[in-house]
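S.K.: return atomic coordinates for the entry below.
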Amino acid sequence: MQTTKKKVVVIGGGFAGVNFVKQLAKHDTFEITLVDLNNYNFFPPLLYQVATGFLEPSSISYPFRKFLRHRENVRFRMAELKQVLPAENKVILSNGELTYDLLVMARRRYQLFWNGKCEATCHSDENVERCAGNAQSFIKPAGGGDKSF
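M.R.: Numbering: from 1, shown residues only. Down below sits the predicted model:
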């Protein structure tokens, strides 16, 4: 019996998005697409140390291609989010569109709700699978840092 994988779209490759993807990718029941404006994750709090020459830029940035290399159920799309169509379970990006069963908004510190409520919030690695299993279509994970978008 073949099961259909749930399509998960994660908007934002900062701390929250990357950690959510890492945990969810362990489960082959999900087909995950990570969307970000950049093709790398970086740690802005140490940017001043790069500017002053104490650190190399590679010390505070990490390409998504390295992170995704061995994760068969994860894809990456470099794009800007233009619009979310929750009634159609679709996101419009600067270079196309994606459909989803579960949408994860992991952009900066914004509080994003549909129709005035958030269906689920994931605060730690332990409850990622529970959140993904219980949410009907939307999760907003809580991030550990700020990511410039």
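S.K.: element containing residue 20?
M.R.: Using DSSP states H and E, the element containing residue 20 is helix 15-24.
S.K.: packing partners for that helix?
M.R.: strand 6-11, strand 30-36, helix 128-134 (3 or more Cβ pairs under 8 Å, 6 or more residues apart in numbering; DSSP states H and E). For glycine as for every other residue, the C-beta is placed from the backbone atoms N, C-alpha and C.
S.K.: worst average pLDDT in these?
M.R.: Comparing mean pLDDT across the helices and strands packed on helix 15-24, the weakest is helix 128-134, with a mean of 49.
S.K.: which SS state does residue 27 fall under?
M.R.: Put simply, residue 27 is coil when judged by DSSP: H, G, I helix; E, B strand; the rest coil.
S.K.: list the buried residues for the helix holding residue 20?
M.R.: Along helix 15-24, these residues count as buried under the neighbour rule (16 or more other Cβ atoms under 10 Å): 15, 16, 17, 18, 19, 20, 21, 23, 24.
S.K.: quick check, nearest of those residues to residue 43?
M.R.: residue 15 (8.6 Å; Cβ to Cβ).
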